[in-house]
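*Asks:* Based on what follows, work out the 3D shape:
(one chain, ligands or ions: 2)
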Amino acid sequence: MRIYVAGHRGMVGGAILRRLQVRKAVEEDLTLITRTHAELDLTDQVAVRDFMQGEKPDVVILAAAKVGGIHANNTYPADFIYKNLMIECNVIHQAFAAGVKRLLQLGSSCIYPKAVPQPMKEDALLTGTLEPTNEPYAVAKIAGIKLCESYNRQHGVDYRSVMPTNLYGPGDNFHPENSHVMPALIRRFHEAAQSGQEEVVMWGTGKPMREFLHVDDMAAASLFVLDLDKETYEANTEPMLSHINVGTGTDISIGELGHMIAEVTGYSGRITQDLSKPDGTMKKLMDVSRLGDMGWTARVQLKDGLKETYQWFLNNQDSFRG
Ligand SMILES: NC(=O)C1=CN([C@@H]2O[C@H](COP(=O)(O)OP(=O)(O)OC[C@H]3O[C@@H](n4cnc5c(N)ncnc54)[C@H](OP(=O)(O)O)[C@@H]3O)[C@@H](O)[C@H]2O)C=CC1
Ligand SMILES: C[C@H]1O[C@H](OP(=O)(O)OP(=O)(O)OC[C@H]2O[C@@H](n3cnc4c(=O)[nH]c(N)nc43)[C@H](O)[C@@H]2O)[C@@H](O)[C@@H](O)C1=O
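*Replies:* Numbers count the residues shown, from 1 in each chain. Ligands and ions are numbered 1, 2, ... in the order given. Here you go, the predicted structure:
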């Protein structure tokens with residue numbers, strides 16, 4: 001069994017690779033294939049074709065993408081739509097051309113319309129208008145789902161999609177502007193606590209609700225879905241709706257999250273709001289009953305995961321990206 005993990009140096013790909021390495025210790029015939037971004041640019045069609053034809057993986061896990069928080073999505077929309085469409089087209093088509101029978105790709109909860117009934121069910125896809133701050137990224141992610149469904153329908157392959165809620169954990173991107181809210185605030189509150197600052201500014205009103213899933217849970221869910229036999233996967237999805245939500249099923253306001261991060265990082269000053277920054281979607285909570293009915297639930301509690309992520313941040317400050 002030869003498994004290619006695309007994006008293995010990212011937060012999710014790294015967590016998936018760690019789990020597969022544990023598996024490899026007991027499964028001698030398992031070969032894990034990886035390439036860094038520098039070794040293989042997945043937006044390069046010819047390079048991806050040559051790689052797939054050369055390595056001939058049995059299974060592909062697509063965790064590589066252009067990823068960022070609300071500001072990055074809103075500021076670099078061309079990068080988010082172009083790079084993600086190219087990566088998906090190249091990896092999915094060239095995997096098919098090289099004979100890959102099973103593939104798992106990661107989408108995102110932002111595929112669902114902005115004003116959709118909560119919690120969001122898989123069948124809410126394409127029922128309304130998307131959140132404008134990340135529409136280009138969401139369109140690319142929806143195309144990823146439709147690529148998998150189309151190759152399944154036309155060619156009889158077994159390409160699956162998981163839709164994660166907002167993720168966090170070791171290996172996250174702590175860039176001050178371009179990251180997601182959790183790593184951005186861990187860094188900002190930590191630096192304020194260390195330097196004795198009296199004020200920390202958070203973006204928006206603090207009212208949006210978000211659901212946070214630890215990346216180790218995401219990696220476990222990804223392999224759970226990948227390992228399902230074809231009959232079970234198909235019995236729990238539909239040909240035109242072949243994606244599965246992954247989340248915890250509970251959410252928290254951004255304001256509350258800020259207070260939690262202040263406590264964990266030891267910051268005790270004022271917390272204020274920058275109302276010139278966007279809130280984005282006001283609520284994004286996944287309906288996770290489909291995955292729950294199949295037997296998978298998240299394990300890591302938010303407070304525990306936050307403390308562990310802060311510890312990882314402290315141990316890796318010199319090496320993290322951004
Ligand atoms: N983080 C989150 O909150 C969420 C993530 N997701 C999805 O999960 C998946 C993984 O995200 P996450 O791990 O957080 O993201 P990361 O940014 O941590 O990792 C993405 C990886 O993809 C690599 N990559 C990007 N572009 C290319 C390219 N052109 N060629 C080769 N490699 C490339 C990056 O390499 P490099 O850094 O060198 O560019 C990086 O290693 C993505 O599909 C994302 O959309 C979904 C919902 C929430
Ligand atoms: C996973 C998901 O991530 C993105 O969507 P998002 O959920 O809005 O992600 P976010 O983590 O950046 O923000 C969450 C909330 O938090 C508020 N907020 C406060 N203070 C900071 C702050 O300092 N940084 C950030 N980034 N947000 C902040 C911010 O204003 C917003 O209300 C998508 O574009 C898309 O990439 C996607 O799929």
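*Asks:* Do any residues in the strand or helix carrying residue 191 lie close to ligand 2?
*Replies:* Per DSSP states H and E, residue 191 falls inside helix 181-195. Yes - interface with ligand 2: helix 181-195 contributes 181, 184-185 (Cβ under 6 Å from any ligand atom). For every residue, glycine as well, the C-beta is placed using N, CA and C.
*Asks:* Now do the strands in the stretch 101-250 of the chain.
*Replies:* Assigned strands in the stretch 101-250 of the chain, in chain order: 102-106, 158-164, 166-168, 199-203, 209-210, 212-214, 243-246 (criterion: DSSP state E, counting those that start in this stretch).
*Asks:* before we move on, back to that, of the residues of helix 181-195 next to ligand 2, buried ones?
*Replies:* 181, 184-185 (16 or more other Cβ atoms under 10 Å).
*Asks:* rewinding a little: export the residues of helix 181-195 next to ligand 2 to JSON lines and append columns for pLDDT and distance to residue 213.
*Replies:* Below are the residues of helix 181-195 next to ligand 2 laid out as JSON lines (pLDDT from 0 to 100; distance: Cβ to Cβ, whole Å):
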{"residue": "181", "pLDDT": "98", "distance to residue 213": "14"}
{"residue": "184", "pLDDT": "98", "distance to residue 213": "17"}
{"residue": "185", "pLDDT": "98", "distance to residue 213": "17"}
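*Asks:* nearest to ligand 1, of those residues?
*Replies:* The closest of the residues of helix 181-195 next to ligand 2 to ligand 1 turns out to be residue 181 (Cβ to the nearest ligand atom; 9.3 Å).
*Asks:* list the contacts for the closest one?
*Replies:* Counting by Cβ atoms under 8 Å, 6 or more residues apart in numbering, residue 181 touches 69-70, 166, 203, 210, 254, 257.
*Asks:* picking that back up, comparing the strands of the stretch 101-250 of the chain, which comes out most buried?
*Replies:* strand 243-246 (a mean of 26; mean count of other Cβ atoms under 10 Å).
*Asks:* any residue of the helix or strand following it up close to ligand 2?
*Replies:* Where DSSP H and E defines the elements, the next helix or strand beyond strand 243-246 is strand 252-253. No - Strand 252-253 lies out of reach of ligand 2 by Cβ under 6 Å from any ligand atom, never closer than 9.5 Å.
*Asks:* Quick one: name the residues of the protein near ligand 1.
*Replies:* So far as Cβ under 6 Å from any ligand atom goes, the chain lies against ligand 1 at 7, 9-13, 37, 41-43, 63-67, 83, 87, 106, 108, 164, 166-167, 173, 180.
*Asks:* Drop anything exposed from those residues.
*Replies:* Buried, going by 16+ other Cβ under 10 Å: 7, 9-13, 42-43, 63-67, 83, 87, 106, 108, 164, 166-167, 173, 180, out of those.
*Asks:* Contacts made by the helix or strand of the chain at the bottom of the mean pLDDT ranking with the rest, please.
*Replies:* When the helices and strands of the chain are scored by mean pLDDT, DSSP states H and E, helix 230-235 comes last with a mean of 88. With contact meaning Cβ under 8 Å, 6+ apart, helix 230-235 is reached by 158, 160, 225, 294.
*Asks:* Turn the residues you listed into CSV, columns for distance to residue 231 and pLDDT.
*Replies:* Formatted as CSV, the entries for the contacts of helix 230-235 read as follows, by distance: Cβ to Cβ, whole Å; pLDDT from 0 to 100:
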residue, distance to residue 231, pLDDT
158, 11, 96
160, 13, 97
225, 14, 97
294, 12, 93
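*Asks:* ok, which pair from these is furthest apart?
*Replies:* 158 and 294 (16.0 Å; Cβ to Cβ).
*Asks:* Any idea what residue 241 is bridged to?
*Replies:* Residue 241 forms beta bridges with residue 238, as assigned by DSSP bridges.
*Asks:* Can you name the residues of the stretch 1-150 of the chain sitting close to ligand 2?
*Replies:* Residues of the stretch 1-150 of the chain lying near ligand 2 (Cβ under 6 Å from any ligand atom): 68-71, 73, 108-110, 133-134, 137.
*Asks:* Could you work out the most separated pair of those?
*Replies:* Checking these with Cβ to Cβ, the most distant pair is 71 and 109, at 17.8 Å.
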